[in-house]
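Asker: sequence first, then the predicted structure:
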Amino acid sequence: MNRAEREEMARLLPSPGNPAPPSDRLLMLEDHLMREITRDAARPAADAAAQTPSAPPAPRPRRRLALLAVPLGTAAVVVATVLSAGGGGEDRPVTDQEAVGLLNRIATVAEAKDTSPVRDDQYIYLHTQGTQQIMDEGEDVFRRSDWRPVDGRSDGLARITVLSGPSGKGTTDMALSADPNAGSYREIERLPTDPARLYDRIWAETRGQGPTHEEAALERIGALLPTAVLLPETDAALYRAAAMIPGVTVVDDAKDAAGRRGIGLAFGSGDDRDVWVFDREDLTYLGSDDIAVLDVGAVDELGETPAG
């Protein structure tokens, strides 16, 4: 789930809060960070040169240290300086050929799907399932239905149903005001369908974002996948563009947020790890470990579903 989706979900559901870690935890993290910095600074340059070219990089622990350092003031500045100055690219993720092959197979399947024309006066319906942490009380399991105008010029609707959890069962409807800055179906439709051009555009638009540039680009692609299923050429181009980005690995037994099992494609680590999940037999996109896509389609009226 990308940052925009997390922020919108947090706005619509009860706030999980933002508890600060205890002071002894901060001191422990600061001590650990400084040991890491000292160890890296003391490592002879010859050690780095002696590493074999095939040795996999280890960017994730360093990135996690940088994120944990944020509340520690000066230590964060020191860590950021060490990370940005060292390595000459040693922290860049690697390309997994198994993941590349799977992404290209998924693209071929996506490209072959049949779809119906979508009119400007219709709405794109998206039905999903996920969870939301409610402070220290536990998790809500919810289902959400969105109706968004195809052209992005009129208001939409979000309907959230809490299935279980501390908030209690119930359904809430909220209007989605027209937002010129929010991507519409027509904007997705206008994206390049040439994978190289699409990659160039996404890579340029995500420069300076995310824990890493690669993760930011993949998150952008992931945010487009639920709707792009209605646009076979665009859908295929997104997967082929993702195949050009290093850092994706195959998860043999993945599970989406609704508990459906399939084959997965993962990127990132820790709290930033995302897994796209696909049906093992037909490679249909099921969603992710954060949000399961249960249904998507074009409808004529707010509140209507593709099945009627």
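Answerer: Now that the structure is in, tell me what you want to look at. Numbering: from 1, shown residues only.
Asker: from now on I want contacts and neighbour counts done on CA atoms only, so please keep to that.
Answerer: OK.
Asker: in the stretch 151-300 of the chain, what residue spans correspond to strands?
Answerer: 156-164, 170-176, 249-255, 261-267, 274-278, 285-288, 291-299 (DSSP state E, counting those that start in this stretch).
Asker: distance to Ala99, mean neighbour count and mean pLDDT added to these, as CSV?
Answerer: Shown next, in CSV, are the strands of the stretch 151-300 of the chain (distance: least, C-alpha to C-alpha, whole Å; neighbours: other C-alpha atoms under 10 Å; pLDDT from 0 to 100):
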stretch, distance to Ala99, mean neighbour count, mean pLDDT
strand 156-164, 34, 19, 97
strand 170-176, 36, 13, 96
strand 249-255, 5, 18, 98
strand 261-267, 7, 21, 98
strand 274-278, 12, 25, 98
strand 285-288, 15, 25, 98
strand 291-299, 21, 21, 97
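Asker: in contact with Asp272, which residues are there?
Answerer: Asp272 makes contact with Pro211, according to C-alpha atoms under 8 Å, 6 or more residues apart in numbering.
Asker: what's the distance between it and Gly259?
Answerer: Going from Asp272 to Gly259 by C-alpha to C-alpha, to the nearest Å gives 20 Å.
Asker: re earlier: make TSV out of the strands of the stretch 151-300 of the chain and add distance to Gln129.
Answerer: TSV is the format used below for the strands of the stretch 151-300 of the chain (distance: least, C-alpha to C-alpha, whole Å):
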stretch	distance to Gln129
strand 156-164	9
strand 170-176	14
strand 249-255	13
strand 261-267	14
strand 274-278	14
strand 285-288	9
strand 291-299	5
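Asker: in this structure Arg207 contacts Glu215, no?
Answerer: No - Arg207 is beyond contact range of Glu215, at 10.6 Å (criterion: C-alpha atoms under 8 Å).
Asker: and the two? which has more neighbours close in?
Answerer: Applying other C-alpha atoms under 10 Å to Arg207 and Glu215 shows that Glu215 carries more neighbours, namely 25 against 13.
Asker: quick revisit: do you know which of the strands of the stretch 151-300 of the chain lies nearest Asp91?
Answerer: strand 261-267 (14.6 Å; C-alpha to C-alpha).
Asker: got the angle between that closest one and strand 249-255?
Answerer: Orientation check (axes from the mean of the first three to the mean of the last three C-alpha atoms, to 10 degrees): strand 261-267 against strand 249-255 gives 140 degrees.
Asker: only alpha carbons, please: show strand 261-267 as PDB.
Answerer: The C-alpha coordinates for strand 261-267 follow below in PDB (Å, rounded to 0.1, in the frame of the first residue of the first chain):
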ATOM      1  CA  ARG A 261      -3.000 -18.000  -1.200                       C
ATOM      2  CA  GLY A 262      -1.000 -17.600  -4.400                       C
ATOM      3  CA  ILE A 263       2.400 -16.800  -5.700                       C
ATOM      4  CA  GLY A 264       3.900 -13.500  -4.700                       C
ATOM      5  CA  LEU A 265       6.300 -10.800  -5.800                       C
ATOM      6  CA  ALA A 266       7.900  -8.900  -2.900                       C
ATOM      7  CA  PHE A 267      10.000  -5.800  -2.500                       C
END
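Asker: same for it, what does it pack against?
Answerer: In this structure, strand 261-267 makes packing contacts with strand 249-255, strand 274-278, judged by 3 or more C-alpha pairs under 8 Å, 6 or more residues apart in numbering; DSSP states H and E.
Asker: many thanks, I have nothing further to ask.
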